[in-house]
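> Got a predicted structure plus its sequence, pasted below:
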Amino acid sequence: MAVKPVVLVTRKLPDAVMARAAASYDARLNEADEQLGPDDVIARAQGCDAILCCSTEKFPADVIARLPGGLRAIATFSVGLEHIDLEAAKVRGLIVTNTPEVLTDSTADITLLLLLAAARRAYEGERMLRQDAWSGWTPTQLLGVHLGAKRLGILGMGRIGRAVARRARGFDMEIHYHNRNRLEAGLEQGAVYHESAEDLLKVSQFLALNAPATPATERFLNRARIALLPDGAIVVNTARGALVDDEALQEALKSGKLAAAGLDVFEGEPNIHAGYRSLDNVFILPHLGSATLETRNAMGFKCCDNLDAIFAGKDPPDRVV
Ligand code: DGY
């Protein structure tokens with residue numbers, strides 16, 4: 001019988017993915033789902049051909065340099081790549097793959113959930129009921145704002161940004177966007193392109209952050225840029241926490257410059273900036289963007305498809321390095 005490739009799977013993945021990994025590889029699983037630090041990953045990866053990791057494991061250059069010599073690939077169970085130093089991986093001759101496309105719809109759905117929840121004060125309403133503090137319907141209770149006929153600015157018009165735009169059109173929102181490159185008309189679907197992010201901010205009554213975390217987008221939403229948004233704007237983030245200056249955002253939510261925010265991602269997860277916990281006008285979720293069984297299965301199967309291709313000596317479909 002052929003020797004199976006040895007693969008370290010760093011987290012507990014959905015059952016169907018674990019079953020496929022266990023059948024296809026000599027898989028080193030983490031059934032207890034312990035969060036592994038760099039030293040744990042390096043120790044467990046000894047003798048492995050590949051690592052199937054998540055964005056919770058960090059691979060900066062010094063960790064990549066310490067990975068075992070025989071390692072050929074890192075398949076990340078994420079579309080985001082900010083946890084891996086791609087340049088270091090390239091220099092080391094490691095193949096890196098990710099999981100694009102399959103999480104587009106679930107992440108766009110969560111973006112709409114955040115837009116609606118922030119605009120319609122879902123957190124305050126829910127809390128009122130849970131705390132048995134509802135004294136009954138009143139004409140002026142928890143008044144929010146409409147999405148319809150408002151301008152939605154989308155920063156980052158990749159697959160997820162475009163899926164957000166499609167959904168938001170269903171709520172009669174007017175779509176504006178900024179992207180590194182202007183989209184062709186077929187993809188733009190009538191959305192208004194802004195050459196600079198600053199110009200986009202000036203018109204965005206709602207702002208959705210859908211750009212990847214890169215050195216260029218780090219702390220994108222800072223004090224100066226928040227000041228450009230229309231008064232009473234609503235901001236949502238399903239991309240990465242690194243795009244936001246937490247102090248500046250909280251300041252604007254307290255002052256009323258921003259009416260509300262909806263956040264699914266945070267800098268330093270899971271240790272979110274404590275200030276968010278006590279703000280009524282922020283709706284927060286624990287990074288649920290891709291958290292549906294269908295999506296997580298599809299992400300896991302993509303990782304396996306990529307690894308299968310690598311072990312068969314082929315170019316994997318989602319190779320990034
Ligand atoms: C992704 O795929 O990047 C999700 O945010 C999970 O990390």
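Arrived safely. Since the model is a prediction, treat every value here as computed from it, not as a measurement.

> for the ligand, what are the nearby residues on the stretch 201-321 of the chain?
By CB under 6 Å from any ligand atom, the residues of the stretch 201-321 of the chain that approach the ligand are G289, S290. Heads up, the C-betas are built off the backbone N, CA and C, glycines and all.

> try it again with 8 Å
By CB under 8 Å from any ligand atom, the residues of the stretch 201-321 of the chain that approach the ligand are R240, V265, H287, G289, S290, M299.

> Keep only those of the residues you listed that are in helices.
In this view, those that belong to helices under DSSP state H are M299.

> okay, the residues of the stretch 201-321 of the chain next to the ligand in TSV with neighbour count, distance to V63 and pLDDT next?
Output for those, formatted as TSV (neighbours: other CB atoms under 10 Å; distance: CB to CB, whole Å; pLDDT from 0 to 100):
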residue	neighbour count	distance to V63	pLDDT
R240	23	20	98
V265	24	22	98
H287	19	22	98
G289	23	25	98
S290	24	24	98
M299	25	22	98
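
> tell me the domain boundaries of the protein?
Per automatic domain parsing, the domain ranges recorded for the chain read 6-102+293-311, 104-284.

> buried residues in the helix or strand in which I154 is found?
Assigned by DSSP states H and E, I154 belongs to strand 151-155. Neighbour counts over strand 151-155 (16 or more other CB atoms under 10 Å) mark R151, L152, G153, I154, L155 as buried.

> next SSE after it?
Downstream of strand 151-155, the next assigned helix or strand under DSSP H and E is helix 159-169.

> Quick check, S24 in contact with D308.
Yes. Using CB atoms under 8 Å, S24 is in contact with D308, at 6.7 Å.

> Show the pLDDT at the spatially most central residue of the chain.
Nearest to the mean C-alpha position of the chain, by CA atoms, centre = their mean, lies A239 at 3.9 Å. What the model reports as pLDDT for A239 is 98.

> State the distance from the nearest residue to it once chain neighbours are set aside to the ligand.
The shortest distance from A239 to any residue other than its chain neighbours is 4.7 Å, reached at L209 (CB to CB, 6 or more residues apart in numbering). For L209, the distance to the ligand equals 13 Å [CB to the nearest ligand atom, to the nearest Å].

> How many neighbouring residues does L209 have?
25 (other CB atoms under 10 Å).

> OK, contacts around it?
L155, G156, F220, L221, V235, V236, N237, T238, A239, L243, V244 (CB atoms under 8 Å, 6 or more residues apart in numbering).

> Report the beta-bridge partners for it.
Beta bridges link L209 to L155, N237 when assigned by DSSP bridges.

> from the stretch 101-250 of the chain, which residue is nearest to the ligand?
Closest contact between the stretch 101-250 of the chain and the ligand, by CB to the nearest ligand atom, is at L103 (5.5 Å).
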